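A.B. asks: Provided below for reference: sequence and predicted model.
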Amino acid sequence: MATVLRKSSDLDSKWMAILIIASLASQVHSEWWSMGRNEATLEQAANRLIPCSEIKSLSRSQRTLCESYRDHLKFVSEGASEGVAECQHQFRHRRWNCTTTATNTGSNGTGSEKPLFGKVIDIGSRETAFTYAISAAAVVHNIARACKMGELSNCGCSDEPRPRGLGPNWSWGGCGDNTMYAYGFAREFVDARERDLASPLSGAQSRGRKAMNVHNNEVGRLAVVRGARPTCKCHGVSGSCSINSCWWQTAQFRTIGDTLQKKLTEAVEVKMTRRHGLRSRRRVDGSISDSKLVFLESSPDYCTPNPATGVVGTAGRYCNKDSTGPEGCGLLCCGRPHASYTEVITERCHCKFHWCCHVKCEVCRKRVKRHVCT
């Protein structure tokens, strides 16, 4: 009898472990940035009547935060969309161009929720590092501006102190972007997903990936905070400069994307330490600061489709036959041939402003030469 009970207890323990692992695996694809996938998911996030528990792209802790900060979710989802758009802009000429996957999403934003960036995001590569950083940066950027616009109940204008060196004729205190509040909220919300994935059952690879993600999230958030600057303007009646005011303002998001792209070229390859930290694989890289992107694995071959890694390849991509850069047919097509054809396009032209107040344009037809990787 005791033997039977022992076997039953062992089976229960095994099943419990399997259930925990399955629960963790199901959360891996709970990607908050999927809220910015399309109009349906954006509307779902913005609709405060929809309970947080029904937003499938949130992890467990993110749903809890959502309950307390439901009005923030609209701007988080818009940030996610902005982050994807900027990622695609920065990689538009690269072999991996921040490709997103399709999903069968219903009118209420639910459906077969595929990972937004596909399997390729499971690889701890340079490109993945950038994706996490730009997504976290977009949340800070959007929340900071939403605070300034009075859209959120928990925050208002920036309370940054008056900068040193600002002339006495300039008044300080105009309503600025609240980067400090946005940074704090984004750290709690974005990193919550990584905390949910942490488990005593996680192996060294999983713990290393968590550390990488959290580090790159921080690099993205700080890129926004450190990129903010005082902005000044003089104004008055009839164009006079009688009133001089300054406020705190974040950089344009394109500028932040450019900053992170530069960091990508200087990204540091790292490995796990015994204390679950990260350190550079090369001593010459020195310490890993919060201004450096980090990655754990080499980038996969982005040239040819590979279902195992989620790579879609470069066939069908437009290239520039006259360029020797990454957008050139030689590099983008990975040494494969490219096809050329002529296409007739229509565009607005000869536009004129008519008083008052509209612009009238003609429609012109133009022949353009296209080059496509085969």
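C.D. replies: Cool, the structure landed.
A.B. asks: Helix, strand, or coil at S340?
C.D. replies: Three-state call for S340 (DSSP: H, G, I helix; E, B strand; the rest coil): strand.
A.B. asks: can I assume it is in contact with C373?
C.D. replies: No: the pair S340 / C373 is not scored as a contact, 11.2 Å apart, by C-beta atoms under 8 Å. Backbone N, C-alpha and C define where each C-beta goes, glycine included.
A.B. asks: And those two? Which one has more around it.
C.D. replies: The residue with more neighbours, out of S340 and C373, is C373; 20 against 12, by other C-beta atoms under 10 Å.
A.B. asks: Could you measure from the more buried one over to T342?
C.D. replies: 17 Å (C-beta to C-beta, to the nearest Å).
A.B. asks: give me the low-pLDDT residue ranges for the protein?
C.D. replies: For the chain, the stretches flagged by pLDDT under 70 are 1-30, 102-114, 198-202, 236-240, 284-286.
A.B. asks: burial measure for the residue lying closest to R70 once chain neighbours are set aside, as a count.
C.D. replies: Nearest residue to R70, sequence neighbours excluded (C-beta to C-beta, 6 or more residues apart in numbering): R48, at 5.3 Å. Residues near R48, counting by other C-beta under 10 Å, number 11.
A.B. asks: D71 is in contact with R48, correct?
C.D. replies: Yes: using C-beta under 8 Å, R48 is in contact with D71, at 6.7 Å.
A.B. asks: Identify the contacts common to the two.
C.D. replies: Here R48 and D71 have no joint contacts, going by C-beta atoms under 8 Å, 6 or more residues apart in numbering.
A.B. asks: what's the burial count for E188?
C.D. replies: For E188, the neighbour count with other C-beta under 10 Å is 14.
A.B. asks: Contact partners for it?
C.D. replies: L65.
A.B. asks: element containing it, please.
C.D. replies: Element membership for E188 (DSSP states H and E) is helix 179-197.
A.B. asks: Quick one: residues in contact with stretch 52-72.
C.D. replies: Stretch 52-72 is contacted from outside by 27, 30-35, 41, 44-45, 48, 73, 109-110, 113, 143, 146, 151-154, 185, 188-189, 192-193, 195-197, using C-beta under 8 Å, 6+ apart.
A.B. asks: just stretch 351-359 next, same as before
C.D. replies: Stretch 351-359 is contacted by residues 360-362 when judged by C-beta under 8 Å, 6+ apart.
A.B. asks: So which of these is the closest to P326?
C.D. replies: Among the contacts of stretch 351-359, C361 lies closest to P326 (C-beta to C-beta), at 34.1 Å.
A.B. asks: Surely that closest one and C349 touch.
C.D. replies: Yes: C361 lies in contact with C349 (C-beta under 8 Å); the separation is 6.5 Å.
A.B. asks: now the nearest residue to S291 once chain neighbours are set aside, what's its secondary structure?
C.D. replies: Spatial nearest neighbour of S291, excluding adjacent residues (C-beta to C-beta, 6+ apart): V219 at 6.5 Å. Secondary structure assignment for V219 (three-state DSSP): helix.
A.B. asks: Surely V219 and F295 touch.
C.D. replies: No: contact criterion C-beta under 8 Å: V219 and F295 do not qualify, at 11.6 Å.
A.B. asks: So for these two, which residue has more residues nearby?
C.D. replies: Neighbour totals were compared for V219 and F295, and V219 leads with 25 against 21 (other C-beta under 10 Å).
A.B. asks: Can you get me a residue count around the closest residue to N217 other than its chain neighbours?
C.D. replies: Distances taken as C-beta to C-beta, 6+ apart put A136 closest to N217, at 4.1 Å, once the chain neighbours are dropped. Number of residues near A136 (other C-beta under 10 Å) recorded here: 30.
A.B. asks: contacting residues around A136?
C.D. replies: Neighbour list for A136: 186, 190, 216-218, 220-221 [criterion: C-beta under 8 Å, 6+ apart].
A.B. asks: just to revisit the earlier point, can you tell me which of the contacts of stretch 351-359 is nearest Y302?
C.D. replies: Distance to Y302, by C-beta to C-beta, is smallest for C361 among the contacts of stretch 351-359, at 39.5 Å.
A.B. asks: Return the backbone torsion pair for that closest one.
C.D. replies: Backbone torsions of C361, given as degrees, to the nearest 10, read phi -130, psi 160.
A.B. asks: Same check on R254?
C.D. replies: phi -60, psi -40.
A.B. asks: My guess is it contacts Q90. True?
C.D. replies: No: counting by C-beta under 8 Å, R254 does not reach Q90; the two are 9.3 Å apart.
A.B. asks: Please say which of those two ends up with more neighbours.
C.D. replies: Each of R254 and Q90 has its neighbours counted (other C-beta under 10 Å); Q90 has more, 19 against 11.
A.B. asks: residue contacts, that one?
C.D. replies: So Q90 contacts 98, 130, 134, 257-258, 260-261 (C-beta under 8 Å, 6+ apart).
A.B. asks: picking that back up, could you measure from the residue nearest to R70 over to I55?
C.D. replies: Distance from R48 to I55, by C-beta to C-beta: 12 Å.
A.B. asks: for S245, same thing?
C.D. replies: 40 Å.
A.B. asks: who's more crowded, the two?
C.D. replies: For S245 and I55, the more surrounded residue by other C-beta under 10 Å is I55, and the numbers stand at 23 against 15.
A.B. asks: Return the distance of that one relative to G36.
C.D. replies: 12 Å.
A.B. asks: For Y318, give me its contacts.
C.D. replies: By C-beta under 8 Å, 6+ apart, the neighbours of Y318 are 370-373.
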